[in-house]
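Visitor: generate a structure from the sequence data that follows.
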Amino acid sequence: MYAIGINPWVWTSPVDDAALADLVPRIADGGFDAVELPIEQPGDWDPARTRDLLAAHGLTAAGVCAVTPPGRDLVATDPETVEATVAYLKCCVDSAAAVGAPCVGGPVYAAVGRTWRMTADERAACYADFRRALLPVADHAAARGVTIGVEALNRYETSVVNTVEQTLQLIDGLTDTVGIMIDTYHMNIEEADPYTALIIAGPYIKHVQVSGTNRGAPGTDHFDWPRFFTALATTGYRGAICIESFTADNETIATAASIWRPLAPTQDSLAFNGFAFLRRITA
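Guide: A predicted model of the protein is given here:
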């Protein structure tokens, strides 16, 4: 049975010490096993305090989410931006190690929403630039026992990688520290067969995020969840399954994630109905 986690973005943004102090007890009371921790800005939450808070409520840190707003890029940008982005990602790694999270995941290559056309040669050069830029982060992570999960996004949010196949090309040649973070929301949009894509990603999966196909609760949508978990079982992945969704009540995060309407009667119902479904289907 997989550990089931949730990202506090379901309720609020930014996720800081005050938000975690309020939400962690509720997450634990709802039956979850783990929490996925985003870092919008270094220092939003204190790793030592968060580690102790999670432990006090019987929870673990499932992973740390790297956040890439405009200006956080490793490709098609200037050296100063690459340097600052590398420093941010190393901070994420340090926070993950301190809180006991096994993985830092996210679209670590470019800012969400940044898109541009590329020829085949330009794409190959972009991917090579990414590997060079990420290498010091990967080495930093390996030294601290943390992995990096690279997340493919849908075509409206990035033009760098949209599919598992592209992500495997992007990370080709990097150490085993670097792999793939699965997100079912993006897979549903981009993969012709998300279940076969999941099997192909199998040996490289570092972390798994789930949500309904409309970013609501898993199980309230058209995704074939039994088939998804049957495929996931064949990959050997034994990490946490984390619900990632967002609140429409925070203007910044709602705009960034295109959340234009409530996705459930309440955010609690999204979280806890999603949890009940995942627990039932993965039992």
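Visitor: so the residue in the chain sticking out farthest from the centre, which state does it fall into?
Guide: Each residue of the chain has a distance to the centre, and by Cα atoms, centre = their mean the biggest one is for D121: 28.5 Å. Recorded secondary structure, D121: helix (DSSP: H, G, I helix; E, B strand; the rest coil).
Visitor: dump the residue contacts of it.
Guide: Shown in contact with D121 (Cβ atoms under 8 Å, 6 or more residues apart in numbering): no residues. In short, each C-beta sits where N, CA and C put it, glycine included.
Visitor: what's the spacing between G100 and T81?
Guide: The gap separating G100 from T81 is 30 Å, by Cβ to Cβ, to the nearest Å.
Visitor: my bad, E165
Guide: Per Cβ to Cβ, E165 is found 27 Å from T81.
Visitor: so for the two, which sits in the more crowded spot?
Guide: More crowded of E165 and T81, by other Cβ atoms under 10 Å: T81, with 17 against 14.
Visitor: what number of residues lie near the residue lying closest to the more buried one once chain neighbours are set aside?
Guide: Excluding its sequence neighbours, the residue lying closest to T81 (Cβ to Cβ, 6 or more residues apart in numbering) is D73, at 5.4 Å. The number of residues packed near D73 is 21, by other Cβ under 10 Å.
Visitor: same question for E151.
Guide: E151: 24 neighbours (other Cβ under 10 Å).
Visitor: same deal with the one 4 residues further on?
Guide: Counted with other Cβ under 10 Å, the neighbours of R155 add up to 12.
Visitor: so who does it touch?
Guide: 115, 162, 189-190.
Visitor: run the last query once more with 6 Å
Guide: Residues counted as contacts of R155 (Cβ atoms under 6 Å, 6 or more residues apart in numbering) are N162.
Visitor: run through the helices of the stretch 51-200 of the chain in chain order.
Guide: Taking DSSP state H, counting those that start in this stretch as the criterion, the stretch 51-200 of the chain carries its helices at 79-99, 120-143, 164-171, 184-190, 194-201.
Visitor: what sits up against the worst-scoring helix or strand of the chain on mean pLDDT?
Guide: The helix or strand of the chain with the poorest confidence is helix 251-256; it has a mean of 83 (mean pLDDT, DSSP states H and E). Applying Cβ under 6 Å, 6+ apart, the set of residues contacting helix 251-256 from outside is 13, 246, 248.
Visitor: report the buried members of those residues.
Guide: Applying a neighbour-count criterion of 16 or more other Cβ atoms under 10 Å, the buried members of the contacts of helix 251-256 are 13, 246.
Visitor: which residue in the contacts of helix 251-256 has the weakest pLDDT?
Guide: Here the lowest pLDDT out of the contacts of helix 251-256 sits on A248, with 85.
Visitor: so that one sits in a strand?
Guide: No - checked against three-state DSSP, A248 lies outside a strand; its state is coil.
Visitor: remind me which residues of the stretch 51-200 of the chain are low pLDDT?
Guide: Across the stretch 51-200 of the chain, nothing is flagged by pLDDT under 70.
Visitor: buried residues, stretch 41-58. List them.
Guide: So, applying 16+ other Cβ under 10 Å, buried residues of stretch 41-58: 44-47, 50-51, 53-54.
Visitor: return the member of the residues you listed nearest to G149.
Guide: G149 lies nearest to P47 out of the buried residues of stretch 41-58, by Cβ to Cβ, at 18.8 Å.
Visitor: thanks again, I'm all set now.
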